[in-house]
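Visitor: for reference, the sequence and a predicted model appear below.
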Amino acid sequence: MSYRVVVLVSGSGSNLQALLDVCGQGANASATPIDAKIVGVLSNREEALALPRATRAGVATAVVKHRDYAERIDFDAEMIKHIDAWAPDMVILAGFMRILTPDFVSHYSGRLINIHPSLLPKYKGLHTHQRALDAGDTKHGCSVHFVTPELDGGPVIAQHRVSVHQHDNVDSLAQRVHQAEHQLYPRVLGWLASGRLRWQDGQIALDNKPLLEPLQAHK
């Protein structure tokens, strides 16, 4: 049985598309897809362009609008109902622009990952590209990590580094980091779906050995 995945989105869904493709569900499906299936896509915004991407791929969708809930805990509880109905092995945040409550994170402990546009632990939160430029960094990139209650603070699985060019601005740097995300997220999903990557007692294990530092990719 294929590894079941639910993806949470808020925007255009380019990372969702990269995941659909590697699962053999997208228009640019890999010739040798991984043994995973995206069984549901949930958004907090009904206008999110990620939703039509999912529909075109034949994937079920749901919208839970955060503005309909006065309390974050109630919004998260409603999301849990939809997500659990799809019975996922893993929940993937792909540009989901809401801070999750500790109850939500605890419910999916070890089954919830996120991609963040920086080389964590650098630049948690927003405006990561501008912060990297302001600091004069020569390397920037993205990180995939397990989600914990601390914002962008969970154990990092893997990172993809990109060079910062002398004449970069926020847009040019963001574009290259985004391209790196489209390579890194599918790779991590492949490791999870194959059983090579696991969360064991609060520790990441790869091939049954503790992962002592993030796996690195370079560009």
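Guide: Happy to help now that I have it. Note that the structure is predicted; figures quoted are calculated from it, not measured. Numbering: from 1, shown residues only.

Visitor: can you list contacts of the lowest-mean-pLDDT helix or strand in the chain?
Guide: Least confident helix or strand of the chain, by mean pLDDT, DSSP states H and E, is strand 215-218 with a mean of 83. Contacting residues not belonging to strand 215-218 are listed as 157-161, 180, 183-184, 187, 206 [C-beta atoms under 8 Å, 6 or more residues apart in numbering]. (Each C-beta comes from the backbone N, C-alpha and C, glycine too.)

Visitor: residue 153 touches residue 125, doesn't it?
Guide: No - shown here, residue 153 and residue 125 do not form a contact pair, counting by C-beta atoms under 8 Å, at 10.6 Å.

Visitor: hang on, the earlier thing: buried ones in the least confident helix or strand of the chain, by neighbour count?
Guide: 215, 217 (16 or more other C-beta atoms under 10 Å).

Visitor: quick one: strands adjacent to it?
Guide: strand 156-163 (parallel) (DSSP bridges).

Visitor: could you tell me how far the strand it pairs with lies from the centre of the chain?
Guide: 13 Å (C-alpha atoms, centre = their mean, to the nearest Å).

Visitor: over to stretch 72-83?
Guide: For stretch 72-83, the distance to the chain centre is 18 Å (C-alpha atoms, centre = their mean).

Visitor: and the angle for the longest helix that the chain contains with strand 156-163?
Guide: For the chain, the helix with the greatest residue count under DSSP state H is helix 170-193. Orientation of helix 170-193 against strand 156-163 (axes from the mean of the first three to the mean of the last three C-alpha atoms, to 10 degrees) gives an angle of 150 degrees.

Visitor: what about residue 22, how many residues close to it?
Guide: By other C-beta atoms under 10 Å, 25 other residues sit near residue 22.

Visitor: and the nearest residue to it once chain neighbours are set aside, how far from residue 36?
Guide: Leaving out its chain neighbours, the residue that sits closest to residue 22 by C-beta to C-beta, 6 or more residues apart in numbering is residue 186, at 3.8 Å. Going from residue 186 to residue 36 by C-beta to C-beta, to the nearest Å gives 9 Å.

Visitor: which one's more surrounded, the two?
Guide: residue 36 (23 against 20).

Visitor: now do the more buried one against residue 212, distance only.
Guide: Taking C-beta to C-beta, one finds residue 36 at 26 Å from residue 212.

Visitor: one more: residue 101?
Guide: Note on residue 101: its distance to residue 212, by C-beta to C-beta, is 30 Å.
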